[in-house]
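Peer 1: Whatever this is, show me its structure:
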Amino acid sequence: MATFKKDDRVMIIGKNTLGKIAFIGRTHFMDELCFGVILDKPEGRNNGTFGGIRYFKCQKNHGIFVRACQMQKISQTDDKVPPISENAKIKRRYPNYLKSKNFLKCYESNKNPKIKEVIVSRKIKSDSKIISLNNTFSKQGKVTNSNEVNLMIQDFSLKAFDELITDKDISYPKMTIAYPNVLSLSESDNYNETEESAMDLGKAKERIRNLEFDLILARKTIENSKRDKEYLQNQFEYSQRNRYALQKKIGKMSRDVIQSNKKIKTLEQVIEQLNEITETSIIEKETAEHKLDIMKLELEELTTKCQTLRTELGIKEEEMQIQCENKIHSVHYIKNLEYQNEALYNVLYELRKLYASKHQNLLDAEETIENNLSELKDLKLSQNNLQNVIFILKGDISDMHETIDGLTEVDELVFEITDRNLLLEHKMETLVQTLQIMEDYIDVSTEIEEILQESYMEREKDLEILEFRLNKPK
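Peer 2: Down below sits the predicted model:
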């Protein structure tokens, strides 16, 4: 097969028109490599667009999309259609674009009647189980609603194509073409056979047209289902992104909750420590008050002792005065009294010091109690603030639970979307299989058409020979 490039001059075989290649590549409506040709004459089908997509620019009805087997390369300066011989015209009257040329050459060159009879008498099975696509797909336009597409695909795949997929051996009616013996058949028999073959050929052509129309509708529905699939995939990706963002938010909120729980625990520990400090301060206050009462009792006892000592001292002084007056020698006794007075004075001085220190301790204990009370007030305020924070955190936790419920609903929706995607993929696979079966059927029908055409041409030749022999003078 010749290699084609852009700006090459080519001839379209079926139309016998010249043109220039303007586009080479893949398209959305053809599986194999496609060529866009700008024709010299307005015998095309479009202006370089198909299905609303532009592939190249040209004038109206000057553009056409063809396969490589539909073109013939010519010289760049040639502006005329090359002449075609009569034999070539007979051979290329109905070119087969879905079949290789080697098979045609092999079939034409094969002169063995047994092999030819085997090729011609191929058993083609009945099309009773093939359901037309006109029942399942609408001819009024494209199906845009995804629900309608789903329902149509379900009806199409479950009712029609399951039978086509499961039936491996489809029974076609036997169409055996018997090559007549020119010498043994009469003119009326040949005429009847040619008429029957022409009717079969017309039916086959009509069947091929219906199948091509059904194939176009099936491809349109496949394109619509592909678009719906892309839309669902985009929705699925968008939901996954939202799910990922919500998961991030949940993780952040969970971390905040953990930190708030840690803060609450630390504040509870501080409150416990402050309660212990207040209890110890209260116990110390009670012990200090008890010690103060004991010291007061001791001070009262010491004051009573001091008063008794003073009275005794007064009595002793009076006695000394009496003794002095009486001139009694009591020098030693006076010294002993002076020593006792000094000792008592020292004891009294120490008692005053002890009283002052105890009084100072009492004042310090009162100050500590006042400080502890102020700390208790601060702790109560902090406890109230903590309760407010805990209430807010509980509200946040309830909001988090609501978001988690929403996420579960989103997960369920994502699961439903994935199920629908799987169903669509399965239905697409069934549609592709059925399209392959239809293409095989079209191949078989084109082969039948070629064989019928060849037999028709041979019978025309035989009829001409018979007419010539009948009209020939004896």
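Peer 1: So which residues of this structure form strands?
Peer 2: 9-12, 17-25, 34-39, 49-50, 53-54, 63-66, 71-73 (DSSP state E).
Peer 1: Can I get those in TSV including mean pLDDT and mean neighbour count?
Peer 2: Yep, even glycine has a C-beta here, placed from its N, CA and C like the rest. Putting those into TSV (pLDDT from 0 to 100; neighbours: other Cβ atoms under 10 Å) gives the following:
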stretch	mean pLDDT	mean neighbour count
strand 9-12	90	19
strand 17-25	91	18
strand 34-39	92	22
strand 49-50	88	16
strand 53-54	89	11
strand 63-66	91	22
strand 71-73	87	16
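Peer 1: which stretch among those strands comes nearest residue 351?
Peer 2: Ranking the strands of the chain by proximity to residue 351 (Cβ to Cβ) places strand 53-54 first, at 116.2 Å.
Peer 1: pLDDT value on the closest residue in space to residue 246 that isn't next to it in sequence, please?
Peer 2: Excluding the flanking residues, the one nearest residue 246 by Cβ to Cβ, 6 or more residues apart in numbering is residue 407, at 5.5 Å. According to the per-residue confidence, residue 407 scores 83 in pLDDT.
Peer 1: what's around residue 407, how many residues?
Peer 2: Other residues within reach of residue 407 by the criterion other Cβ atoms under 10 Å amount to 16.
Peer 1: Turn the strands of the chain into TSV, columns for distance to residue 445.
Peer 2: Listed next are these as TSV, based on distance: least, Cβ to Cβ, whole Å:
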stretch	distance to residue 445
strand 9-12	23
strand 17-25	27
strand 34-39	23
strand 49-50	25
strand 53-54	30
strand 63-66	21
strand 71-73	24
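Peer 1: okay, now residue 45: neighbour count?
Peer 2: 11.
Peer 1: Contact partners for the nearest residue to it once chain neighbours are set aside?
Peer 2: For residue 45, the nearest residue in space outside its immediate sequence neighbours is residue 64; the separation is 5.5 Å by Cβ to Cβ, 6+ apart. Taking Cβ atoms under 8 Å, 6 or more residues apart in numbering, we find residue 64 in contact with 12, 15, 19, 36-37, 39, 44-46.
Peer 1: Quickly name whichever of those is closest to residue 203.
Peer 2: Minimum separation from residue 203 among those (Cβ to Cβ) is found for residue 15, which lies at 25.8 Å.
Peer 1: The closest one: what's it in contact with?
Peer 2: With contacts taken as Cβ under 8 Å, 6+ apart, residue 15 has the following neighbours: 39, 43, 64.
Peer 1: roughly how far apart are it and residue 392?
Peer 2: Note on residue 15: its distance to residue 392, by Cβ to Cβ, to the nearest Å, is 81 Å.
Peer 1: same check, this time on residue 60
Peer 2: Using Cβ to Cβ, one obtains 72 Å as the distance from residue 60 to residue 392.
Peer 1: One more: residue 469?
Peer 2: Residue 469 sits 112 Å away from residue 392, taking Cβ to Cβ as the criterion.
Peer 1: For the nearest residue to residue 21 once chain neighbours are set aside, give me the pLDDT.
Peer 2: Of all residues beyond its chain neighbours, the one nearest residue 21 is residue 8 (4.9 Å), with distances taken as Cβ to Cβ, 6+ apart. What the model reports as pLDDT for residue 8 is 89.
Peer 1: so how many other residues sit close to residue 8?
Peer 2: As a burial measure, residue 8 scores 18 neighbours (other Cβ under 10 Å).
Peer 1: For it, grab phi and psi.
Peer 2: For residue 8, the backbone dihedrals are phi -80, psi 140 (criterion: degrees, to the nearest 10).
Peer 1: what's near enough to touch it?
Peer 2: With contact taken as Cβ under 8 Å, 6+ apart, residue 8 is in contact with 20-21, 73, 76.
Peer 1: Return the closest of those with respect to residue 242.
Peer 2: Of all those, residue 242 sits closest to residue 21, with 48.2 Å by Cβ to Cβ.
Peer 1: wait, doesn't that closest one sit right on residue 5?
Peer 2: Yes - Residue 21 is in contact with residue 5 according to Cβ atoms under 8 Å; the separation is 7.0 Å.
Peer 1: Residue 416: which of the strands of the chain is closest?
Peer 2: Distances from residue 416 to each of the strands of the chain were compared using Cβ to Cβ; the minimum, 32.6 Å, belongs to strand 53-54.
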